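**Student:** here's a sequence, model it:
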Amino acid sequence: MNHHLPAGSLAEDGWSLRLTPKQAGWTYSGLSTLDLAAGASHAFSTGEDELVVLPLSGQDVRVECEGTAYDLAGRADVFSGVSDFVYVPRGAEVTVSSRTGARVALPSARCERRLPVRYGPADQVPVELRGAGQCSREVHNFAAAGVFEADKLIAVEVLTPGGNWSSYPPHKHDEDRPGQECPLEEIYYFEVADGPTGPGVAYQRVYGTPERPIDVLAEVRSGDVVTIPHGWHGPSMAVPGYDLYYLNVMAGPSPDRAWLICDDPAHGWIRDTWTDQPVDPRLPMTNR
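**Tutor:** Alright, predicted model coming up:
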């Protein structure tokens, strides 16, 4: 299977990106995006999935579900701020619209429990500065485990200044080892800031073990996706001059909805060097 899916390769039926668990070749994690023209709307059923409606760009997004309308303030783009969002349960009818136009992400997970529709304010999204030095990045934990209740879905946003290495040291979460690691299927969706001469570029690495091989070194651009069914992943490389955004979508079989990872033992020592380095002064990159 090709784990690097370029922008536009998964467009269908009004979706600019539609990646279901079946298409990904696994069981739980999914992602869709909508590019809504001014005044446009898109109606759909969630089926067996729970999901979050998250504006990537656009400051006028309405989500209608179960007789209630939620107006999202959104943001100009992923590099300009934290967005509010709406959680939508399985078995729901949803309409997403925008008066002025928007790009919207819908990270999703195949789930069992049906939880209520909820609005997530931007000012309640925890913003974390992770790492240090050239491993510094900014994490928006809008649907992280322990932050926002869901049945299976875990989703966060990561911003990485140009020249930094993110999602590093390489780590994995593909084995059931209580208290140490839990299986999670993961999707990376990328947006890369433009430079003065055109669109930006970044790189993503994924590699496996002898028992479960996988080998990805992808040049990624805005709208691209990388799927990670197993194996060590990282770094996500923001090349000099181009800031990097990625949306992480994760879900798995664990009833605990935990994010437990294991560093590659060849590179885990990198974490110990952070105690003597300051966080990149370009962070935080966003304003609420």
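**Student:** check contacts around residue 164.
**Tutor:** Residues in contact with residue 164 (CB atoms under 8 Å, 6 or more residues apart in numbering) are 134-137, 238, 280. From N, CA and C alone the C-beta is placed, and that goes for glycine too.
**Student:** cool, and residue 115?
**Tutor:** Counting by CB under 8 Å, 6+ apart, the residues that residue 115 touches are 50, 87, 89, 149-151.
**Student:** most neighbours among the residues you listed, which one is it?
**Tutor:** Greatest neighbour count in those, by other CB atoms under 10 Å, goes to residue 50: 26 neighbours.
**Student:** contact partners for it?
**Tutor:** Counting by CB under 8 Å, 6+ apart, residue 50 makes contact with 87-90, 108-109, 111, 115, 150-153.
**Student:** where does it sit, in terms of helix or strand?
**Tutor:** For residue 50, the element it lies in under DSSP states H and E is strand 49-57.
**Student:** could I get the buried residue list for that strand?
**Tutor:** If you call a residue buried by 16 or more other CB atoms under 10 Å, then strand 49-57 has these buried ones: 49-57.
**Student:** now those as a markdown table including distance to residue 211 and pLDDT?
**Tutor:** Output for these, formatted as a markdown table (distance: CB to CB, whole Å; pLDDT from 0 to 100):
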| residue | distance to residue 211 | pLDDT |
| --- | --- | --- |
| 49 | 30 | 98 |
| 50 | 32 | 98 |
| 51 | 33 | 98 |
| 52 | 34 | 98 |
| 53 | 38 | 98 |
| 54 | 36 | 98 |
| 55 | 41 | 98 |
| 56 | 37 | 98 |
| 57 | 41 | 98 |
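**Student:** make CSV out of these and add distance to residue 220.
**Tutor:** Below are these laid out as CSV (distance: CB to CB, whole Å):
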residue, distance to residue 220
49, 25
50, 27
51, 23
52, 22
53, 24
54, 19
55, 21
56, 16
57, 18
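**Student:** this completes my enquiry, with thanks.
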